[in-house]
Each structure stands twice: as structure tokens, then as C-alpha cells.
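Q: Could you work out the structure for the sequence below:
(one chain, ligands or ions: 2)
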Amino acid sequence: MNYPNDAQIQAAYRMAQERYALLGVDTDQALATLSNVALSLHCWQGDDVGGFESAGGELTGGIAATGNYLGKARTPAELRRDLDKTYSLIPGQHRLNLHAMYAESGGRKVDRNELRPEHFTAWADWAKTNNHGVDFNPTCFSHPKSASGFTLASYDAGTRNFWIEHCIASRKIGEFFGRQLGTPCITNIWIPDGFKDTPVDRRRPRELLKDSLDKVLAEKIDPRHNLDAIEGKLFGLGAESYTVGSHEFYLGYAVAHQVLLTLDAGHFHPTETIADKISAVLLYLPEILLHVSRGVRWDSDHVVILNDDLQAIAQEIVRGGFLQRVHIGLDYFDASINRIAAWVIGARNTQRALLLALVEPIEQLKQVEQAGDYTQRLALSEEIKSLPFGAVWDYYCLNQGVPVGLSFMDTIRDYEKQELSRRG
Ligand code: RNT
Ligand code: ZN
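A: Ligands and ions are numbered 1, 2, ... in the order given. Model prediction:
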């Protein structure tokens with residue numbers, strides 16, 4: 001592969017900058033804005049949503065990582081090494097999204113309701129050293145007490161209580177991360193509860209879930225340290241007919257309690273996109289969390305590509321002026337390709353989508369729309385698609401000291417040879 005040299009990248013940028021300036025777009029400003037957007041990288045792409053509680057524990061909860069590519073992380077040290085490599089290939093400073101099952105208990109069995117901040121000190125130290133904020137998730141799946149398919153909405157009070165305790169413990173761990181790192185941790189609750197076949201009673205499990213959430217969220221935690229989020233879903237594997245925590249359920253709960261709503265791009269009907277929901281829900285909620293993902297048929301978690309859906313999400317965030325109120329996390333898991341590449345490709349695509357939105361002549365577009373000139377709106381929207389955006393992105397990567405263009409794959413291939421291929 002031949003790559004452009006620094007002088008070529010800079011020259012291409014100068015030309016692109018002039019071209020965008022003709023439309024009143026300041027590309028330097030766009031890049032400065034982009035450099036302040038931290039993505040929350042999901043730790044679970046590195047080991048196929050396995051966690052470190054027990055080797056080979058089965059992934060349940062209606063989600064699935066398919067594929068058997070070499071090099072899956074088997075220990076926290078390996079996962080952190082893989083993450084370090086990943087962050088080094090993504091421009092900017094980013095966060096980590098951690099799940100409770102990635103606790104480190106020094107070989108002792110600690111059940112999920114007994115997890116405490118001390119089981120996450122290694123993650124906190126690593127995050128502090130590397131300047132990553134951390135977000136957190138209770139793990140309400142892949143556990144004997146979720147085997148019925150129900151957790152916070154279980155008819156069994158003992159089961160419900162166990163998961164309530166786990167979620168409360170998780171919020172305190174979130175608070176710990178927030179305090180340690182000086183940036184609020186978003187603790188996001190997603191549960192798998194649902195029925196494979198059509199239930200008779202759709203009402204009772206939702207009442208139980210509402211009651212469980214009330215208990216989980218009863219204690220106020222300083223929002224400078226922890227923010228709570230709740231994530232709905234349409235269906236899961238083995239829960240095709242009914243999901244207790246549906247979108248409407250959580251939208252109502254979030255508005256009523258002013259907690260963050262999490263919108264996962266893969267959790268809606270196939271032609272339903274989350275982009276259009278952002279400006280609607282932000283009228284009633286201070287902030288939201290996105291799980292940027294890609295649904296493909298039965299799977300809600302394919303690696304994010306730079307498609308229309310992703311661009312529409314970025315456009316809505318930028319055009320709406322919502323960069324401060326929309327937290328962007330990634331959520332997908334592909335075990336059939338190099339896992340570092342999966343992280344890097346999805347993260348870089350999300351950034352490219354944001355940059356594409358940041359270099360739009362938004363004021364002009366809004367003006368023609370407000371003037372009712374829909375012909376010009378269409379013409380301009382289409383024309384800007386072929387502006388030299390790639391040169392701006394390359395220049396950004398160069399300035400941020402990360403590989404330009406496809407050269408990030410050289411580093412990944414090297415790492416695969418030196419590190420990943422040695423893992424059993
Ligand atoms: C599942 C949800 C949830 C998970 C992670 C592992 O459908 O999207 O966010 O992917 O918690
Ligand atoms: Zn999700």
C-alpha cells in the first residue's frame with residue numbers, strides 16, 4: 001500500500017479548507033469541535049461480551065457474538081493492552097464503557113450483588129493513567145439468576161432483589177469512577193427480560209420493573225460523579241414476542257424521573273432510526289446516551305459503518321446543537337474479524353460521521369429551509385456530499401498523531417502477529 005506523505009496531506013487540506021470556506025464553513029473550527037468529542041468505547045468488543053468471572057461462561061440475555069477470530073482477550077491485562085492499541089489508532093481522547101462482569105476480584109468468587117469499587121481499582125488506575133473517563137453497566141445477563149430470562153422484572157421476589165442489589169452496587173461503582181476520574185460516569189441499566197412467545201399479562205412485569213427501578217434509583221448520587229441511564233429494546237433472541245423494558249416504557253420512566261435515556265441504534269424496527277428521536281426526547285430530558293450500533297436482520301450489534309443511518313445520527317447531534325447533551329457510546333460485537341480493527345473502524349466511522357456533519361453549511365441550509373426554498377435545500381444537501389471531506393479527515397488524523405487513512409491496518413496486522421496470534 002502507498003500512503004500520502006505529510007506534505008501531500010497538508011496541501012490537500014489547504015485546498016479543501018478554501019473550498020469549504022466558499023460555503024462559509026470553517027474547517028479548523030470543525031476539527032477543534034471534533035477534538036472535544038469523547039466516544040465511550042465498549043470494553044466488550046475485545047472479548048465477545050465474556051467478562052472475567054469464569055472462563056467460558058455462556059453469553060445469555062438474547063445477545064450473541066458470532067465468529068471465532070483469533071486473539072480474543074482472556075485477562076484484564078490483555079483487554080487493557082488491546083484497548084491501549086485501539087485508542088492509539090483513534091484521534092482524540094476517549095472514554096471506556098465497562099460492564100460489571102469485568103470486575104477483578106483476585107481469584108475470589110464475588111457475586112454480582114457484592115461487587116464494590118475495590119473490584120475496579122485496576123480499571124480506575126489504568127483509566128487515570130491514560131486519561132479515560134469511564135462509564136459503567138450492571139451486567140444483568142450471563143448469570144444463573146438470569147437463567148429464567150427475567151431479572152428486575154422477575155415474578156420471583158428473591159431474583160428481583162438480587163438484581164436490585166446488583167444495580168445499586170453498580171451505581172456506587174459508577175460514583176467511584178466519577179470521583180476518581182473527575183468526570184461523571186454514566187451507569188446504564190439494560191436488562192434482557194422478555195418472553196419468547198406471546199404473554200397473557202403484559203402489564204404486571206412492567207409494574208414490577210417500574211418498582212424495581214424505583215428501588216435501584218432511590219438513593220440520590222451527586223450528578224458530578226454518576227449519571228443514571230436506562231436502555232430499552234424491541235426484542236432479543238429467545239425474547240421475540242415481548243420485552244418488558246420497551247422504548248415506551250423507558251421513555252416514560254426517563255421523563256418522569258429525569259434520568260438519561262439510552263437509544264441503541266439496533267433496538268428498533270428495521271426501518272426505524274434513532275436519529276429522528278434525538279430532537280424529540282431532548283425536549284423533555286436534559287441528556288441522553290447513544291449506543292451507536294448497526295442492526296442486520298436478527299442481530300442488533302454489527303460493526304458500525306459510515307452509512308446513511310450513522311450520518312443522520314451525527315447530523316441530528318450537530319445541527320441540533322446537542323454535542324454537550326448527547327453522550328456517544330459504541331455498542332457492537334463482532335468475533336469474526338480482528339477485534340481491534342472492529343473497535344477502530346467503528347470508532348473512526350463515528351468520528352467521520354461527526355466531522356461530515358460539522359463541515360455542513362448548516363446556517364445556509366437552515367436559511368433556505370426557513371425561506372421555504374425546498375428545491376435549493378435538496379440541491380445544496382446533495383452537492384455538499386462530494387466536497388473534499390476526506391482531506392479534512394486525513395489532516396485531522398495527521399495532527400492528532402494517529403495513522404492517516406488505511407495505514408492503521410498496518411499497525412493492527414503487526415499487533416496481530418506479535419500479540420494476538422500468541423493467545424491460545
Ligand atoms: C443489549 C444492549 C446492551 C448490551 C451491552 C453488552 O441489547 O444493547 O447495551 O449490548 O450491555
Ligand atoms: Zn446497547
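
Q: Report the contact partners of L234.
A: Contact partners of L234, counting by C-beta atoms under 8 Å, 6 or more residues apart in numbering, are T243, S246, H247, H267, F268, H269. All C-beta spots, glycine's among them, are computed from the backbone N, C-alpha and C.

Q: I would like the residues contacting the helix or strand hosting E18, please.
A: Per DSSP states H and E, E18 falls inside helix 6-21. Contact with helix 6-21 is made by 4, 26-28, 359, 387-389, 391-392, 394-395, 398, 404, as judged by C-beta under 8 Å, 6+ apart.

Q: and ligand 2, which of those residues contact it?
A: By C-beta under 5 Å from the ion, no member of those lies near ligand 2.

Q: then the helix holding E18 to CSV, C-alphas only?
A: In CSV, the C-alpha atoms belonging to helix 6-21 read as follows (Å, rounded to 0.1, in the frame of the first residue of the first chain):
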residue,chain,number,x,y,z
ASP,A,6,2.7,14.8,5.3
ALA,A,7,3.2,17.5,2.7
GLN,A,8,0.6,16.0,0.5
ILE,A,9,-1.9,15.7,3.3
GLN,A,10,-1.3,19.3,4.3
ALA,A,11,-1.6,20.6,0.7
ALA,A,12,-4.9,18.7,0.2
TYR,A,13,-6.2,20.2,3.4
ARG,A,14,-5.4,23.8,2.3
MET,A,15,-7.4,23.2,-0.9
ALA,A,16,-10.3,21.6,1.0
GLN,A,17,-10.2,24.4,3.5
GLU,A,18,-10.6,27.0,0.8
ARG,A,19,-13.4,25.0,-0.9
TYR,A,20,-15.4,24.8,2.3
ALA,A,21,-14.7,28.5,3.1
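
Q: How far off centre is that helix?
A: Chain-centre distance of helix 6-21: 32 Å, with C-alpha atoms, centre = their mean, to the nearest Å.

Q: what do you get for stretch 181-195?
A: Averaging C-alpha positions (C-alpha atoms, centre = their mean) puts stretch 181-195 11 Å from its chain's average.

Q: What of stretch 337-351?
A: Remark: stretch 337-351 is offset 12 Å from the chain centroid, using C-alpha atoms, centre = their mean.

Q: residues in contact with that stretch?
A: Here stretch 337-351 makes contact (C-beta under 8 Å, 6+ apart) with 34, 37, 39, 41, 45-48, 67, 69, 71-73, 82-83, 85-86, 89-92, 94, 292, 303-306, 310, 314, 328, 330, 332-334, 408-409, 412, 415-416, 420.

Q: If we go by neighbour counts, what in that stretch is buried?
A: Residues of stretch 337-351 classed as buried: 338-351 (neighbour count, 16 or more other C-beta atoms under 10 Å).

Q: for stretch 127-135, same thing?
A: A127, H132, G133, V134, D135.

Q: and if you look at stretch 317-336?
A: Neighbour counts over stretch 317-336 (16+ other C-beta under 10 Å) mark 317-318, 323, 326-335 as buried.

Q: JSON lines please, covering those and showing secondary structure and pLDDT.
A: Output for the buried residues of stretch 317-336, formatted as JSON lines (DSSP: H, G, I helix; E, B strand; the rest coil; pLDDT from 0 to 100):
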{"residue": "I317", "secondary structure": "helix", "pLDDT": "99"}
{"residue": "V318", "secondary structure": "helix", "pLDDT": "98"}
{"residue": "L323", "secondary structure": "coil", "pLDDT": "98"}
{"residue": "V326", "secondary structure": "strand", "pLDDT": "99"}
{"residue": "H327", "secondary structure": "strand", "pLDDT": "99"}
{"residue": "I328", "secondary structure": "strand", "pLDDT": "99"}
{"residue": "G329", "secondary structure": "strand", "pLDDT": "98"}
{"residue": "L330", "secondary structure": "strand", "pLDDT": "98"}
{"residue": "D331", "secondary structure": "coil", "pLDDT": "98"}
{"residue": "Y332", "secondary structure": "coil", "pLDDT": "98"}
{"residue": "F333", "secondary structure": "coil", "pLDDT": "98"}
{"residue": "D334", "secondary structure": "coil", "pLDDT": "98"}
{"residue": "A335", "secondary structure": "coil", "pLDDT": "98"}
